[in-house]
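Visitor: build me a structure from this.
(4 chains)
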4 protein chains.
Amino acid sequence: MINSNKLKIFNDPIYGFIRIPSTLIFKLIEDPYFQRLRRISQMGLSYMVYPGAHHTRFHHALGSMHLMQHAIQVLRFKGVAISEEEEEGLLVAILLHDIGHGPFSHAMENSIVEGISHEHISLLFMQELNQKFNGSLTLAIEIFRGEYSRRFLNQLVSSQLDMDRMDYLKRDSFYTGVAEGSINAERLISMLNVVDNELVVEEKGIYSVEKFLITRRFMYWQVYLHKTGLVAEQLLIRILKRARELLGKGMQIECSEALLFFMKNRVFENDFTAEVLDQFSHLDDIDILSALKQWQYHDDFVLSKLSGMIINRELLSIKMKNSPIASKKIEEQSEKIKNLYGLSEEETAYFVFAGKIGNRAYNSEFQNINILKKDGRLKDVAKASDHLNLKTFSKKVLKYYMCYPKETI
Amino acid sequence: MINSNKLKIFNDPIYGFIRIPSTLIFKLIEDPYFQRLRRISQMGLSYMVYPGAHHTRFHHALGSMHLMQHAIQVLRFKGVAISEEEEEGLLVAILLHDIGHGPFSHAMENSIVEGISHEHISLLFMQELNQKFNGSLTLAIEIFRGEYSRRFLNQLVSSQLDMDRMDYLKRDSFYTGVAEGSINAERLISMLNVVDNELVVEEKGIYSVEKFLITRRFMYWQVYLHKTGLVAEQLLIRILKRARELLGKGMQIECSEALLFFMKNRVFENDFTAEVLDQFSHLDDIDILSALKQWQYHDDFVLSKLSGMIINRELLSIKMKNSPIASKKIEEQSEKIKNLYGLSEEETAYFVFAGKIGNRAYNSEFQNINILKKDGRLKDVAKASDHLNLKTFSKKVLKYYMCYPKETI
Amino acid sequence: MINSNKLKIFNDPIYGFIRIPSTLIFKLIEDPYFQRLRRISQMGLSYMVYPGAHHTRFHHALGSMHLMQHAIQVLRFKGVAISEEEEEGLLVAILLHDIGHGPFSHAMENSIVEGISHEHISLLFMQELNQKFNGSLTLAIEIFRGEYSRRFLNQLVSSQLDMDRMDYLKRDSFYTGVAEGSINAERLISMLNVVDNELVVEEKGIYSVEKFLITRRFMYWQVYLHKTGLVAEQLLIRILKRARELLGKGMQIECSEALLFFMKNRVFENDFTAEVLDQFSHLDDIDILSALKQWQYHDDFVLSKLSGMIINRELLSIKMKNSPIASKKIEEQSEKIKNLYGLSEEETAYFVFAGKIGNRAYNSEFQNINILKKDGRLKDVAKASDHLNLKTFSKKVLKYYMCYPKETI
Amino acid sequence: MINSNKLKIFNDPIYGFIRIPSTLIFKLIEDPYFQRLRRISQMGLSYMVYPGAHHTRFHHALGSMHLMQHAIQVLRFKGVAISEEEEEGLLVAILLHDIGHGPFSHAMENSIVEGISHEHISLLFMQELNQKFNGSLTLAIEIFRGEYSRRFLNQLVSSQLDMDRMDYLKRDSFYTGVAEGSINAERLISMLNVVDNELVVEEKGIYSVEKFLITRRFMYWQVYLHKTGLVAEQLLIRILKRARELLGKGMQIECSEALLFFMKNRVFENDFTAEVLDQFSHLDDIDILSALKQWQYHDDFVLSKLSGMIINRELLSIKMKNSPIASKKIEEQSEKIKNLYGLSEEETAYFVFAGKIGNRAYNSEFQNINILKKDGRLKDVAKASDHLNLKTFSKKVLKYYMCYPKETI
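Guide: Sure thing, here's the model as predicted:
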């Protein structure tokens, strides 16, 4: 049991207080690996649209753990046995589930590293910490990998209704001020139960599940895929690509040692040695932002222009449509810029480009949400709901966009 | 202009402060007709499910007026001319839009009166007040009736996106504590505009409109049609029916003079004279609740049993389904009760009964919500939305229920 | 352990959800004695100033119990042993601490009954319930009476920092919309500890205690002693006094049987038999308000005038000062009214009267708040605080007022 | 009038929406000088205590402007004439009042620059912007300097009750989650009025003013002067001092160009040329944090140790008292560290040091808050209040502290 003097409480504007329930968890939070999350913003560049969105992955991790404490309490109250060891496993797994995120993560998964998911890196960090803490994370790792025999524990950490999603939707809604994105995590958790080792939602919670899915979709389109945030993210991807190119050509690029490492090396999943992990553990938002601040004065026109766009929030224009952008339109814009600044084709493509984005809020094939009917049968929410056409709802929506400079750059 | 000493501000937990913008409005609020709304609960018997739901129609009327002030400000800012006279008309119309509500209104529209809508009675009250205030409500009445030439003014008071709905959804969500029912009235209002005299929503507001419609549906099923609230309401309807019957048989029924008037007389729309209106103006929740408190000791078994059920919250059980209840089930329950208490067929029907309820959140045939596309065209939200299958969504959902006594009564 | 099917949860706009932790508590809540609290407003006539203030003693009792659950959890976490039996005792004691409140309680303690505190009546109800529930409330009663050997349990129910105060301050602030009256109950509870069987606050909580005391004082002056609420309360006291007088003179007064009982009989503490308790258990806000609604048409000028004042919110004017009102001023106003309406001296006194009110937020002599210094010593907060002059602060503040009719009545 | 297409709205979790009222203000916000504030945290290193406290000066500036819009509306409603030109002056002045803040400002005023206040630098920025925008900031500057003839305008920007304080108290309370620090800005603003060109508070607002002053004091002790935040700030000051020293000795220190400029040069008020301002305009939190990240690997023991302490949140211990720390205690700790690491006296002083902090929430000599009595007289709140001993309250409270390494470093 934790020493009362060590009893640590974090203030949280959303839940009031977050309690640290054990010494192991207290030490994990104190670890530099975890402290790094204080310097990684949860929503990347979204603060350019929502100026309140500066909350960190550190805070989100604590919040998810708080909800997990609540879920454990509810399930135990309903008679689901969860041992003390399993409890700590759950709490550690959810606390560390995002520890592998890098800075501006969604932009980075294919520019800092080569197609490595943050979950994979989280696992590497957890394995490191497991060594450091003498194996006390073994069960947490099993749960995190989804390999624990009592599947509902895994599902509390990762599924359509996991504590991660509940906290980030609530937290992102809160900090952006997009009030209608708020979900009622407490009600959802109150409706959880376990049948045959699977996490299920009691029937009376069906409206809340529907509401949760719809709110998630709303947050995607209103916030996560907001076109201004999208432009900023695309710019950042291109800045790093450019930096890498210039380095490849032997030009000098000033930035932190850790960032330089990843700019110089292409790191695939198999390359992720302990040394790489160490480099990665020094990377955070500060490395990226201080690089951009320097690069806005770089000699390369492309690198400096794009960096300045983010620093001074003078972003490209964006047009969004439900059908693909006509290539003629892209060519027109490209031609204009190319001529105006005497750029090469390749350089022009940094300023005029097209793409698509999509979202599928409820993916019924991958992981379903089971509703526990009063008669004891289970039914997928997509079938149990008589209010929403969830089949339509689970269809992927695609949007097409084009970015290009406002008048002159 | 209002005298600064008279400057009246109401505290509101939702909006902070509600300002009274003119002397006329101040006087209307002070009028006994309007003060009566302090004694009429907004959500009727829903407090039996949601113990916080004791807010009144008085507060809702003030809240709707507050949102209207906001909408006027937004539209003017966008260049829509609204004269000072029209402003006051709008504010008075929305302030008084619900003044015709009786106690536990949804239960009462067919038991206190015979199929008279509260809107009709609101109009009668407004006409009375117009006389009292020397014709200064004439424009407000025109707007309230939907007959003013600039249609968007009428729509601000009554349409799919009027200030009434925005306030009651927000307020009911707030006081029930059903947090996920909260809508972002401010964002919706910010997205309003006017085209060809019609109220429209700017394209970037489409997610918010979708969210609003879905939240409304959520509130219907989670709150307004909550099965426990439904039982209580059905009980109340039957209590009044029974009282009327007993009076018809010459039995004595004690209650307030105003309630007695409506129990003794069947009042159809054409019967609603000034005298009836005066009687009606004395009716509020207190009349009903004090009657129930007395009637629980009445000699009539049915009247006393049912009244006690509401007072002590010992309600009937309810079963709800997507298909009609088999008549056999109803008969079974009826038989049991009939025998147990030696009741007549007619009396038994007070304790065992079935019914259906429905909701259609977005009624596209009746009044649509127009989205103003960036190219200036208007499109019904049901067609403009690519996220939700609003056609399905606007289909009416029906639920069937049966009420019956828990074990013994 | 409670059957999971029976697991009852209440929605609360303040705490989210309130869980009912045991079958006994569930049954107590279902009891008609407790359901009565749904019809007793927590803040009496304050809704005339703050239109949101319609929350009930029912909700407050649940809220206090919720905070108690939290306090038990915190203390156990700090190593303070609390047995399951003590836990239930605490929860029952706080749940029922206000069950003896009558309607508009502060006005009633000397007009419905003769100087009987609501705590005394709560005790009578608890004793009744203890019989009904076969002695299972015995420990709760001991705690409620402050006679349990482990004093901190008693203090959690009744002291300067009890769960009752924390909930009502938070709840009243919330429903009135007086946001600055909000206290941080969760932080205060987190700072509680136990030394030598006494409830203490850890040193780092000293700012929070100061804040709590000051906020309480703020709420007193801004809300509880608001001059408009004060007038309404004084009117109500006088209405009941008048009704009693008229009854004494043999006039007929219509009202509910229970109210009539208390109007006809003067009930002192020793008169409070089981029969009186039964009558009392039928009294709630509805009895008073329906009486006022009838009495506004009574033949007696005083009774009808005063009753109408509350129903239509046409209250007397009030003047408030730091020194006593000159008797000359009172005489002037009295003379005016007396002549205008041809009233007797005695009748005039119902319309023109003076009084005083006071508040002492922190009463150091009665019950102090002990701060647990880091070195283990205890210190009264009045001495431990170096920020506020709590000696001055604990001095009683008195205000003097006079009520009189606006122009003509 | 602003073009409706340009109508810009910011989401704010606190106020809902913040509207940009004019094209000039829109352009000022877009200016890189103002965008810089997005990278300057409002509360410096307080996020080490309160993990939610990552909000920026950018957001605070917008929030203050929002409150100013509200104050203008209230005063006009009360009949105080404010011209459109004055309105824009007020809004620009409050928007830019903090534009001169550097990173971690309180730590920096004596380490980045030599005793130059951020207000002074704000003025320099405003003068630059005034040139750029052809003199349209002239009135705003006059108001900001407190030199405008209608003094209440100056007071809305800077006084005991200015919009700056109201926003930062509200915002800091919100983001830290220290709920009891919330003030009711809207109520305070509603109580403002103007007498003889001075900003006053109407008498009925006296409790709110008291509450505001006490809450401010609470926030100081609970949040702004929190001992952990204090340690972090003191560490940062010493890190910069050390960097400067090492540079003085000719050692190499890597950091951004702008930071290097201020590390190499001591800049007094008179040295603040356009070139210095330009350097300053490139400084933000990123420069400091990226420096610390690099310096934690510097060869200098002091610099690297201290930098690592902040990055990994392994701070010094701190002891706080009401009386000065005995020099013997400091010597003891110093001796221990000195021996353990073989440090010089000078180096040791970086790890063991003492200091004092103070706060005076209401400074009655400097700027008082005038209460407007109902009879028209003005009275300082310190005299008008009969609840709090504001004389005592306005006495400065001092606390003494010592910092030293936890066991070993």
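Visitor: which helices and strands sit right next to whatever helix or strand residue A:199 lives in?
Guide: Taking DSSP states H and E as the definition, one finds residue A:199 inside strand A:198-202. Judged by 3 or more Cβ pairs under 8 Å, 6 or more residues apart in numbering or on different chains; DSSP states H and E, strand A:198-202 is in contact with helix A:151-157, strand A:192-195, strand A:370-372. C-beta coordinates here come from the backbone N, C-alpha and C atoms, glycine included.
Visitor: between those, which one is nearest to chain B?
Guide: strand A:370-372 (13.7 Å; Cβ to the nearest Cβ).
Visitor: partners of the closest one, with directions?
Guide: Strand A:370-372 has the following strand partners under DSSP bridges: strand A:198-202 (parallel), strand A:378-380 (antiparallel).
Visitor: can you show me the helices along the stretch 251-400 of chain A?
Guide: Along the stretch 251-400 of chain A, counting by DSSP state H, counting those that start in this stretch, helices occupy A:257-264, A:274-280, A:285-295, A:301-311, A:327-341, A:345-348, A:381-384, A:390-393.
Visitor: not counting the third one itself, show me its contacts.
Guide: Counting by Cβ atoms under 8 Å, 6 or more residues apart in numbering or on different chains, helix A:285-295 makes contact with A:39-41, A:103-104, A:236, A:239, A:243, A:253-256, A:258-259, A:303-304, A:307, A:310-311, D:39, D:256, D:282, D:286-287, D:289-290, D:293, all of which sit outside it.
Visitor: just the buried members of those residues?
Guide: For the contacts of helix A:285-295, a burial check counting by 16 or more other Cβ atoms under 10 Å in any protein chain shown picks out A:39-41, A:103-104, A:236, A:239, A:243, A:253, A:255-256, A:258-259, A:303-304, A:307, A:310-311, D:39, D:256, D:282, D:286-287, D:289-290, D:293.
Visitor: now for the helix or strand hosting residue A:211, which elements pack on it?
Guide: Element membership for residue A:211 (DSSP H and E) is helix A:206-219. Helix A:206-219 is packed against helix A:163-176, helix A:185-190, helix A:381-384, helix A:390-393, helix B:206-219, with contacts defined by 3+ Cβ pairs under 8 Å, 6+ apart.
Visitor: hmm, the helix or strand where residue A:90 lies in reach of chain C?
Guide: Element membership of residue A:90 [criterion: DSSP H and E] is helix A:84-95. No - legend: contact between helix A:84-95 and chain C by Cβ under 8 Å from any Cβ of the partner chain is lacking; minimum distance shown is 14.4 Å.
Visitor: and the angle from that helix to helix A:163-176?
Guide: If you take axes from the mean of the first three to the mean of the last three Cα atoms, to 10 degrees, helix A:84-95 sits at 40 degrees to helix A:163-176.
Visitor: that older thread, export the helices and strands packed on strand A:198-202 to CSV and tack on distance to residue D:74, mean pLDDT and mean neighbour count?
Guide: Formatted as CSV, those follow (distance: least, Cβ to Cβ, whole Å; pLDDT from 0 to 100; neighbours: other Cβ atoms under 10 Å in any protein chain shown):
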stretch, distance to residue D:74, mean pLDDT, mean neighbour count
helix A:151-157, 50, 97, 22
strand A:192-195, 48, 96, 19
strand A:370-372, 51, 90, 22
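Visitor: residues in contact with the closest residue to residue A:374 other than its chain neighbours?
Guide: Using Cβ to Cβ, 6 or more residues apart in numbering or on different chains and skipping the chain neighbours, the partner closest in space to residue A:374 is residue A:203 (5.5 Å). By Cβ under 8 Å, 6+ apart, the contact list for residue A:203 reads A:371, A:372, A:373, A:374, A:384.
Visitor: ok, 7 Å please
Guide: Going by Cβ atoms under 7 Å, 6 or more residues apart in numbering or on different chains, residue A:203 touches A:371, A:372, A:373, A:374.
Visitor: report the buried residues of stretch A:259-267.
Guide: Of the residues in stretch A:259-267, those buried by neighbour count under the rule 16+ other Cβ under 10 Å are A:259, A:260, A:261, A:262, A:263, A:267.
Visitor: how much space separates whichever residue of the stretch 201-350 of chain A sits closest to chain D from residue A:138?
Guide: The minimum distance from the stretch 201-350 of chain A to chain D, using Cβ to the nearest Cβ, falls at residue A:290 (3.8 Å). Using Cβ to Cβ, to the nearest Å, residue A:290 is found at 38 Å from residue A:138.
Visitor: same question for residue A:115.
Guide: Remark: distance between residue A:115 and residue A:138 (Cβ to Cβ) = 28 Å.
Visitor: more neighbours: which of those two?
Guide: More neighbours surround residue A:138 than the other of residue A:115 and residue A:138, with 15 against 10 (other Cβ atoms under 10 Å in any protein chain shown).
Visitor: okay, and the residue lying closest to the more buried one once chain neighbours are set aside sits in which element?
Guide: The shortest distance from residue A:138 to any non-neighbouring residue, by Cβ to Cβ, 6+ apart, is to residue A:130 (6.3 Å). Using DSSP H and E, residue A:130 maps to helix A:118-132.
Visitor: which outside residues touch stretch A:142-161?
Guide: A:68, A:71, A:86, A:89-90, A:93-94, A:97, A:123, A:126, A:162-164, A:188, A:194, A:197-199, A:367, A:369.
Visitor: one more: stretch A:298-316?
Guide: With Cβ under 7 Å, 6+ apart, stretch A:298-316 has contacts from A:48, A:228, A:231-232, A:235-236, A:238-239, A:242-243, A:246, A:292-293, A:295-297, A:347, A:350-351, A:403-405, A:409, D:32, D:35.
Visitor: now, of these, which are buried?
Guide: Buried residues within the contacts of stretch A:298-316, counting neighbours by 16+ other Cβ under 10 Å: A:48, A:228, A:231-232, A:235-236, A:238-239, A:242-243, A:246, A:292-293, A:295-296, A:347, A:350-351, A:403-405, A:409, D:35.
Visitor: so the closest residue to residue A:285 other than its chain neighbours, which state does it fall into?
Guide: The shortest distance from residue A:285 to any non-neighbouring residue, by Cβ to Cβ, 6+ apart, is to residue A:103 (4.5 Å). Following DSSP: H, G, I helix; E, B strand; the rest coil, residue A:103 is assigned to coil.
Visitor: do I have it right that residue A:103 meets residue A:284?
Guide: Yes - counting by Cβ atoms under 7 Å, residue A:284 is a contact partner of residue A:103 at 5.3 Å.
Visitor: what's the overlap in contacts for these two?
Guide: Going by Cβ under 7 Å, 6+ apart, residues that sit against residue A:103 and also against residue A:284 are residue A:40.
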